[in-house]
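Peer 1: Give me coordinates for this.
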Amino acid sequence: QVQLVESGGGLARPGASLRLSCATSGRTFTNYVVAWFRQAPGQEREFVAASRLRGGDTTRYADSVKGRFTISRDNAENTVYLQMNSLKPEDTAVYYCAARHTSILRFGADEYDHWGQGTEVTVSS
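Peer 2: So this is what the prediction gives:
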């Protein structure tokens, strides 16, 4: 069983930065694709970023965050990060970490087997 625990959310002003963390445990971390999703009130959960190691170190981003957000992994610590820069009010959402035992990047929320509890990010002046 894979456990995912997010942290690092909070209140930020527009233009500021936050770094989210997702601590993982339970399985060999390098064999999993790990992703970040977010869900704003009244909206569906949407893909933000994903990272894989097997099959080549590869990352993908949603167009809405490309150039502002960076996903990274500390394999020694079994932790995934989401560095969020130049935050906008429309980035306000609950952010979730997700994982799947696969070497293929996936972008749909229903394609992931393991989820954290979420961490809330609010961007407001």
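
Peer 1: Buried residues in stretch 44-60, which are they?
Peer 2: The neighbour-count check on stretch 44-60 (16 or more other Cβ atoms under 10 Å) flags R45, F47, V48, A49, A50, S51, R52, L53, R60 as buried. Just so you know, the C-beta spots here come from the backbone N, C-alpha and C atoms, and that holds for glycine as well.

Peer 1: Wait, a helix at the third one?
Peer 2: What it means is V48. No. Under DSSP: H, G, I helix; E, B strand; the rest coil, V48 sits outside any helix and is assigned strand.

Peer 1: ok so, going back, among the buried residues of stretch 44-60, which pair sits farthest apart?
Peer 2: Based on Cβ to Cβ, the longest span within those runs between R45 and L53 and measures 23.9 Å.

Peer 1: Tell me where this structure is predicted with low confidence.
Peer 2: 26-28, 55 (pLDDT under 70).

Peer 1: Nearest the geometric middle of it, what residue?
Peer 2: Nearest residue to the geometric centre of the chain (Cα atoms, centre = their mean): W36, 2.1 Å.

Peer 1: Quick check: it touching D91?
Peer 2: No. With contacts counted by Cβ atoms under 8 Å, W36 stays clear of D91, the gap being 11.6 Å.

Peer 1: would you list the buried residues of stretch 44-60 in a markdown table and tack on distance to T119?
Peer 2: Shown next, in a markdown table, are those (distance: Cβ to Cβ, whole Å):
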| residue | distance to T119 |
| --- | --- |
| R45 | 14 |
| F47 | 17 |
| V48 | 12 |
| A49 | 15 |
| A50 | 17 |
| S51 | 18 |
| R52 | 22 |
| L53 | 23 |
| R60 | 21 |
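
Peer 1: Can you tell me which of those residues is closest to T30?
Peer 2: Closest to T30, out of all of these and judged by Cβ to Cβ, is L53, at 4.8 Å.

Peer 1: how near is the closest one to Q117?
Peer 2: Counting by Cβ to Cβ, to the nearest Å, the separation of L53 from Q117 is 24 Å.
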